[in-house]
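J.: got a structure for you, letters missing:
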């Protein structure tokens, strides 16, 4: 299942701030990039993405959620961390809760994260790291083992049949681009938040 990350922009914002916020394009993402972020040590950005789609009552619900298709069998501890961070950050920022999206929408809720989440140092640090870091390195054996679990999910239009290693390289390139685009989305929002401290907006996710 694929999703769109976007900003909800209240009309009461300053016109110049609204204009700049609207220039941030909607961003398509899928479960692959959230799993990669988890495996590479990111916590807050994946948690925001998860809970914008589905808020679990307990960590185990994330493991069986229809919201994301988990291909790499992430350990239970990752989902415990999503649950812990959500409950921690909701005490620091004024999130909005709405009816969930997707197959569970009739019986779940999801979060709107406000611009003030960008004021948290932990979140800013992850945004800066995502902008500066290449998520997957072709010469890293562990990264290559990780992507071996995903390459069946990717199709490549090439003039010749790709070798196994070439398929891994191509999947890495695709995922690195996804990570960079995600970093750019949050970085632009952070830049506008810093430029206009009074600005108001919400992060939300819609099913594509």
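T.: Received the coordinates, thanks. Here the structure is a predicted model, which means the values were calculated and not measured.

J.: where exactly do the strands run in the protein?
T.: All strands of the chain, identified by DSSP state E, fall at 2-8, 27-30, 96-99, 109-114, 202-207.

J.: what's the most buried one of the ones you listed?
T.: strand 109-114 (a mean of 20; mean count of other Cβ atoms under 10 Å). Any C-beta I mention is one placed from the backbone N, CA and C, and that applies to glycine too.

J.: for that one, name the packing helices and strands.
T.: helix 44-53, strand 96-99, strand 202-207 (3 or more Cβ pairs under 8 Å, 6 or more residues apart in numbering; DSSP states H and E).

J.: swap the cut-off to 10 Å and go again
T.: helix 44-53, helix 76-89, strand 96-99, strand 202-207 (3 or more Cβ pairs under 10 Å, 6 or more residues apart in numbering; DSSP states H and E).

J.: for the ones you listed, which one sits closest to residue 128?
T.: helix 44-53 (11.3 Å; Cβ to Cβ).

J.: mean confidence score for that closest one?
T.: Mean per-residue pLDDT for helix 44-53: 94.

J.: helices or strands up against it?
T.: Against helix 44-53 (3+ Cβ pairs under 10 Å, 6+ apart) you get strand 2-8, helix 31-39, helix 76-89, strand 109-114, helix 121-132, helix 164-195, strand 202-207.

J.: follow-up on the earlier one: would a markdown table of the strands of the chain with distance to residue 194 be doable?
T.: Converted to a markdown table, the strands of the chain look like this (distance: least, Cβ to Cβ, whole Å):
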| stretch | distance to residue 194 |
| --- | --- |
| strand 2-8 | 15 |
| strand 27-30 | 20 |
| strand 96-99 | 22 |
| strand 109-114 | 15 |
| strand 202-207 | 16 |
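
J.: closest one to residue 48 among those strands?
T.: Judging the strands of the chain by Cβ to Cβ, what sits closest to residue 48 is strand 109-114, at 5.4 Å.

J.: circling back: out of the strands of the chain, nearest to residue 61?
T.: Among the strands of the chain, if distance is taken as Cβ to Cβ, the winner is strand 109-114, at 11.7 Å.

J.: okay, the angle between the closest one and helix 121-132?
T.: For strand 109-114 against helix 121-132, the angle by axes from the mean of the first three to the mean of the last three Cα atoms, to 10 degrees is 80 degrees.

J.: so what touches strand 109-114?
T.: 8, 47-57, 67, 86, 89-90, 93-102, 104, 117, 123, 200-205 (Cβ atoms under 10 Å, 6 or more residues apart in numbering).

J.: again, only using 8 Å
T.: 8, 48, 51-55, 86, 90, 93-101, 200-205 (Cβ atoms under 8 Å, 6 or more residues apart in numbering).

J.: please name the nearest non-neighbouring residue to residue 21.
T.: Nearest residue to residue 21, sequence neighbours excluded (Cβ to Cβ, 6 or more residues apart in numbering): residue 9, at 5.0 Å.
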